[in-house]
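Undergrad: Quick one, structure for this:
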Amino acid sequence: MAKLLYRLGRFCYRAKWIVIIAWLIVLIALGGGSLALGSHYNDVFTISGTKAQKATHLLQKNFPQEKNPVAEAGVTIAFKAPPGERLDSPKNSAAIDKVIKHIQDNLDGLIPGQRFGNPVTKNPELQKFIIETSTSKGLPEENARKDAENLSLVSADGRIGFTSFSVDVPIPADVTTEQRKVIADAMDLGRAEGLEVEAGGAGYGDPIRVEEASEIIGLAVAAIILIFTFGSLVAAGMPLIVAVVSVAIGSLSITLATSLVALNNITPVLAVMLGLAVGVDYALFILFRYRHELSRVKREEAVGIAIGTAGSAVVFAGLTVIVALVALFVANITFLTYMGLAAAFTVAMAVTISITLLPAILGVLGPRVFKGEIKFITHRPRTNPMGERWVKLVHKMPSLIVAVVVFGLGSLTIPAADLHLSLPSDGQSPKETTQRKQAEILYEGFGPGADAQFMVVIDAHTVNPDAEVLQPLIRFQQPPEGSPEAAKFDRKRAAAFATYMYVISKFGNTQDVKHVQLIGASDDGMAAKLAITSKKANIDPATNQLISSLRIKEEEVIAATGVDSGITGLVPVQQDVVNRLSDALPLYLSIVVGLAIVLLLIIFRSILVPLIAGIGFLLSVGAAFGVTVLFWQKGLWGVVGTPGPIIAFMPIFLIGVCFGLAMDYQVFLVSAMREHYTHAHGKGEGNYNGTEASIIHGFAQGARVVTAAAMIMIAVFVAFIGQPIPFIKIFGFALGAGVLFDAFFIRMAFVPAAMFLCGHATWWMPAWLDKILPQLDIEGAKLEQEIEDAFEVASTGRHWKPAGQTDSFPAIKP
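TA: Sure thing, here's the model as predicted:
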């Protein structure tokens, strides 16, 4: 591969304008295509094959007019009277009327529903309707009153109330800015009258977008680091160009893909974060090698050698990231698979552009690549670089270094045991948002379970009228023998209604269930909807346990009565996603760690090096989880204004990205060590044996560029903490922490220290295993050997042609 990339680099250098124009055409075509064909993103988190999905199917089968709960663009507006007042005072009730009227008159696509209206006047009507409807179906009046009370629109103290409605759009993400503005303007009318008025719900969520400030800040910090790395303004700009083009092509392609598949609206955000980071880093590695080669060959050959050597490592490093992202399919969650594929495509673009567009830009700039020299940086003495001093210090006390890293990162991992996962909800929104304020008002007025209601769907078409558990309830409905009603008595319909009452009784006796009630029946009476209200908030871990308990009882109901049943609603659907992700984590972690060990085994021809790398990766990713939980879930030191559960797909995505980046740094750092060990044939230097000398030389050669690359990645990721959406903030923080721990604690300290401790066993591999493993020359060692041979030939004045070339190698400087 190195030789192929060598020829590709030289070609792109010579055909610079063709390559640049070709990429420009691709960019323009994707831009036009995305504008013309690109659809839109959604904000739905659903998965196939879950119990909640089965319940949703039962709901839509028996109640065709019902919309999928996940696609419902519902809005809830909460009202709170000033201290010492009630909502039913004339002044406050009139203020609510203004809010309701503005929405009625101005909101396009309004679907009012039973709960829409002024809660002060609507609540008595709704209570009366529920009581009359329930008692007419044979429900005791006491139970009917409890049902009505549970669905009350006004709190017991009369100070808090709410109204709800839906917006007629296919999915919540389709609610327009104009529609949200109508709702916001309506709330302002109520606030002007002294009420607290806040809104939430899927139909009033903030649209997810990337604030340009994060990208600008990340690129600005990256530019500063690149300036100090190269000491040149021009050179510092080239990795930024590569990153921006990579992200542009990746983002436009993802937008174009929405015309074919439904993509979640955070998909492009993650692709942008990762694309910026790897785009800068990959170009940095190649440019760093190019500058080194300029000291001995001419520019065209320096480009070819840089692409053939560092470019080979970039291709391999990019492939590891891509494989880790594509492997997200093991979770069997469609939206997560698409997120992984989108991010993987953006990484692939970063690799491709780094090995094609970058050499073309180098060809255009020619001798001006390192212009804009900053002399106080370039003229610093390099006799004893910091990397060499540090690794020699590690050599003096490797046991202490290993102990400190293991103990330190291990301690930071401990909080990860309390990791609580969930999906976005109003109760997790930042405290200053209307969504969070609305949730807190509802919690205060109606209890923490105000946002934790689920729906039980019962399909009784297959009910067993002879089921033993139903007989008492069937007999209760049966008319006296000989009466006119007895002849018309439908035992199966009676069994269906008996099932509904049986479920209400059975589910109502479950811990943390506040209330269960019948809220609707199908036209034929053979299917019903039940509403379950939890005592706990939807983000409370107890809610997940409650759903599991109810599903166990559901299986008992199905076995005892013969009906089909399911629990659905936004909360159960989200919990199914969370549970599927949690269950997939161990498998995914074993895949990526196993892949790392196998790949490193092939690359470095060593048993211990892959094991050290694998252990280091687990330490760094564990510590990243731990500090994320400490700050974002537990609210350590009050740094995070709104601590809460961690977004459910963050752990699996964090593992995949951190794995890919860890392998990047491992390859760039340890390959230089292996290269020195091979070229020196294991011979030592001075007071160092062959293994020690290889570690010191390789570390000193690669530490500076790896450090710069890591700092750039951290800067890009941390810049996204400034985004307005909480889970994007958490992603930026977690990825930044993961890179920090892996690059500086593991690759810069733990890995060389552990290798020093292993001594000569570091590069040991059984002969039989060495024979069966394939050879992967990711650093272009064979190409470099040919170049060294060319120097030797050039110094003797003989003619030499590199492999695969038809022209001589005139750029060699003897």
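
Undergrad: ok, how many other residues are close to R551?
TA: For R551, the tally of surrounding residues (other CB atoms under 10 Å) stands at 17. C-betas here are computed from N, CA, C, even on glycine.

Undergrad: who's in contact with stretch 592-608?
TA: 316, 320, 323-324, 327, 609-611, 613-614, 617-618, 655-656, 659, 662-663, 666-667, 670-671, 674, 755, 758, 761-766, 769-770, 773-776, 778 (CB atoms under 8 Å, 6 or more residues apart in numbering).

Undergrad: Kindly recompute the last result at 6 Å.
TA: Contact partners of stretch 592-608, identified using CB atoms under 6 Å, 6 or more residues apart in numbering, comprise 324, 610, 613-614, 659, 674, 758, 761-763, 765, 770, 773, 776, 778.

Undergrad: which two from those residues end up farthest apart in space?
TA: A324 and A761 (28.6 Å; CB to CB).

Undergrad: Look at the two and report which has more neighbours.
TA: Neighbour count, other CB under 10 Å: between A324 and A761, A324 has more, with 28 against 12.

Undergrad: My guess is the more buried one contacts F659. True?
TA: Yes. Using CB atoms under 6 Å, A324 is in contact with F659, at 4.7 Å.

Undergrad: mean confidence score for stretch 561-568?
TA: Here stretch 561-568 scores 92 as its mean pLDDT.

Undergrad: who's in contact with that stretch?
TA: With contact meaning CB under 6 Å, 6+ apart, stretch 561-568 is reached by 52, 54-56, 58, 69, 454-460, 462-464, 467, 499, 550, 554, 558.

Undergrad: hmm, try it at 7 Å
TA: Identification of contacts with stretch 561-568 by CB atoms under 7 Å, 6 or more residues apart in numbering yields 51-52, 54-56, 58-59, 69, 454-460, 462-464, 467, 469-470, 499, 547, 550-551, 554, 557-558.

Undergrad: is it true that A662 touches D742?
TA: Yes. A662 lies in contact with D742 (CB atoms under 7 Å); the separation is 4.8 Å.

Undergrad: shared neighbours of those two, which are they?
TA: Shared contacts of A662 and D742, counting by CB under 7 Å, 6+ apart, come down to 617, 620.

Undergrad: So for the residue sitting nearest the centre point of the chain, what pLDDT did the model give?
TA: Computing the C-alpha centroid of the chain and ranking residues by CA atoms, centre = their mean puts M650 first, at 4.5 Å. Looking at M650, its pLDDT stands at 84.

Undergrad: Distance check, it against A331.
TA: Going from M650 to A331 by CB to CB, to the nearest Å gives 13 Å.

Undergrad: Same check on R296?
TA: Distance, R296 to A331, using CB to CB: 49 Å.

Undergrad: If you count surrounding residues, which of those two has more?
TA: Taking neighbours as other CB under 10 Å, R296 and A331 compare with A331 leading, 22 against 15.

Undergrad: quick one: that one from S582, how far?
TA: Applying CB to CB, the value for A331 to S582 is 10 Å.

Undergrad: swap in A749?
TA: For A749, the distance to S582 - CB to CB - is 32 Å.

Undergrad: And I539, by the same measure?
TA: With distances taken as CB to CB, I539 is found 15 Å from S582.

Undergrad: How about A324?
TA: Taking CB to CB, one finds A324 at 19 Å from S582.

Undergrad: Go through the longest helix along the chain and flag the buried ones.
TA: In the chain, assigned by DSSP state H, the helix with the most residues is helix 570-604. If you call a residue buried by 16 or more other CB atoms under 10 Å, then helix 570-604 has these buried ones: 570-582, 584-585, 588-589, 591-593, 595-597, 599-601, 603-604.

Undergrad: tell me the contacts of P465?
TA: 491-492, 495.

Undergrad: Regarding the spatially most distant residue from the centre of the chain, what is its secondary structure?
TA: Ranked by distance from the centre of the chain (CA atoms, centre = their mean), the top residue is G482, with 66.9 Å. At G482 the chain is in coil, as set by DSSP: H, G, I helix; E, B strand; the rest coil.

Undergrad: Can we start the residue count at 557 from this point?
TA: Sure thing, new numbering starts at 557, so read that last one as G1038.

Undergrad: Make a PyMOL selection of whichever of the contacts of stretch 1117-1124 turn out to be buried.
TA: Typed into PyMOL, the line below selects the buried ones among the contacts of stretch 1117-1124, using 16+ other CB under 10 Å:
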select buried, resi 607+608+610+611+612+614+615+625+1010+1011+1012+1013+1014+1015+1016+1019+1020+1023+1026+1055+1103+1106+1107+1110+1113
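
Undergrad: Now intersect the contacts of stretch 1117-1124 with the helices, please.
TA: 607-608, 610-612, 614-615, 1055, 1103, 1106-1107, 1110, 1113-1114.

Undergrad: and which of these is nearest to R563?
TA: Once CB to CB is applied, the member of the ones in helices among the contacts of stretch 1117-1124 that ends up nearest R563 is A608, at 54.5 Å.

Undergrad: Quick one: residues contacting that closest one.
TA: By CB under 7 Å, 6+ apart, the contact set of A608 is 1123-1124, 1128-1129, 1132.

Undergrad: and which of those is nearest to V725?
TA: Comparing those against V725 with CB to CB places V1129 closest, at 18.4 Å.

Undergrad: what does stretch 1094-1107 contact?
TA: Outside stretch 1094-1107, the residues within contact range by CB under 7 Å, 6+ apart are 607, 976, 978, 981, 983-984, 1007-1008, 1063, 1066, 1068-1069, 1090, 1092-1093, 1123, 1127-1128, 1131, 1200-1201.

Undergrad: Give me the buried subset of those residues.
TA: Buried members of those, scored by 16+ other CB under 10 Å, are 607, 976, 978, 981, 983-984, 1007-1008, 1063, 1068-1069, 1090, 1092-1093, 1123, 1127-1128, 1131, 1200-1201.
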